[in-house]
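Colleague: Sequence first, then the predicted structure:
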Amino acid sequence: MSMRFMSLGSGSSGNCYYLATGTTAVLIDAGIGIRKMKKMLKDCGIDVMSVNAVLVTHDHLDHVRSATYLGEKLGIPVYATAEVIDGVNRIYCIRQKFRGSARRIVKGQRLDIGDMAVTPFDVPHDATDNVGYRIEVDGKVFVLVTDCGYVTDEVRGNVADADYVVIEANYDFNMLETGRYPRELKERVKSRTGHLCNTDAAALIADTYHDGLRHVWLCHISQDNNRPEIARQTVALALEARGVMPGRDIDVTPLARYTPSDIYDL
């Protein structure tokens with residue numbers, strides 16, 4: 001059974017990813033406006049009402065802007081940890097709160113959504129709580145890790161057996177250090193509850209590479225402290241140092257901030 005993957009937006013302006021089989025479709029995060037989301041999906045021939053579930057990573061606005069609308073107004077179940085649900089309900093600018101649409105998940109416990117086996121796992125970040133997702137379909141494993149302060153053993157273990165990976169490559173260290181961010185914000189980004197830099201993302205992918213890993217997408221790329229090509233090249237060089245050739249052995253693709261990606265058949 002095949003899967004299809006598309007990014008609708010990736011970055012601090014809004015994150016939303018679409019993953020589907022022939023019978024099941026989920027959104028991972030819903031951080032873009034609902035009108036924009038509906039239009040992007042419609043332009044690809046996808047009705048938002050065909051989405052079976054929304055999987056939320058954490059309760060920062062760029063990941064949950066439309067989550068309560070999808071749940072409470074459209075009746076699509078929204079899955080998140082109890083802490084994230086409570087955190088979303090405390091965001092003052094989200095007027096629609098979760099009432100009955102939110103489903104509480106527990107890290108490490110598998111849940112079945114249609115033909116997808118979904119397992120949330122802990123990811124360090126300065127949100128109320130934060131998870132990545134491991135989604136298995138017919139023996140193929142898709143893993144998404146975003147807003148990750150550092151690579152834990154749990155993060156590494158989930159990436160290590162994946163066939164497809166979406167991984168944060170938020171900033172280039174030198175660009176962050178010499179950029180316009182105030183020192184306090186720079187330290188927050190670099191902290192163990194901040195974001196993942198290009199070199200750490202590259203090391204993770206290179207260290208866990210195996211023959212079954214087919215495609216890596218680089219997500220949440222900073223507009224101020226990174227460039228898509230710098231992120232891609234950093235990962236490519238780390239792979240090449242291990243004798244793995246991007247474009248031959250594996251595909252490495254940066255995801256755009258504001259525009260949808262291609263639809264990838266996995």
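Modeller: That came through, no problem.
Colleague: I'd say K107 and F121 touch.
Modeller: Yes. Counting by CB atoms under 8 Å, K107 touches F121, with 5.8 Å between them. In short, each C-beta sits where N, CA and C put it, glycine included.
Colleague: max-length helix in the chain?
Modeller: helix 228-241 (DSSP state H).
Colleague: Average pLDDT for that helix, rounded please.
Modeller: Averaged over helix 228-241, pLDDT sits at 98.
Colleague: Over to stretch 204-217?
Modeller: For stretch 204-217, the per-residue pLDDT averages 98.
Colleague: ditto for stretch 148-160
Modeller: For stretch 148-160, the per-residue pLDDT averages 98.
Colleague: And the helices in the stretch 101-250 of the chain?
Modeller: Taking DSSP state H, counting those that start in this stretch, the helices of the stretch 101-250 of the chain run over residues 153-160, 173-178, 183-190, 198-208, 228-241.
Colleague: Out of these, which one sits most buried?
Modeller: When you average the neighbours per residue for each of those (mean count of other CB atoms under 10 Å), helix 198-208 leads with a mean of 21.
Colleague: one step back: Y264: which of the helices of the stretch 101-250 of the chain is closest?
Modeller: helix 228-241 (15.8 Å; CB to CB).
Colleague: got the angle between the closest one and helix 198-208?
Modeller: Our comparison of helix 228-241 with helix 198-208, counting by axes from the mean of the first three to the mean of the last three CA atoms, to 10 degrees, yields an angle of 30 degrees.
Colleague: still on that earlier bit, okay, the helices of the stretch 101-250 of the chain in TSV with distance to K39 next?
Modeller: Output for the helices of the stretch 101-250 of the chain, formatted as TSV (distance: least, CB to CB, whole Å):
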stretch	distance to K39
helix 153-160	32
helix 173-178	32
helix 183-190	31
helix 198-208	30
helix 228-241	23
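Colleague: To S10, which of those helices lies closest?
Modeller: helix 228-241 (10.1 Å).
Colleague: Identify the residues contacting the closest one?
Modeller: The contact list for helix 228-241, computed with CB atoms under 8 Å, 6 or more residues apart in numbering, reads 169, 172, 175, 198-199, 201-203, 205-206, 209, 216, 218, 221, 245-246, 249-250, 252-254, 256.
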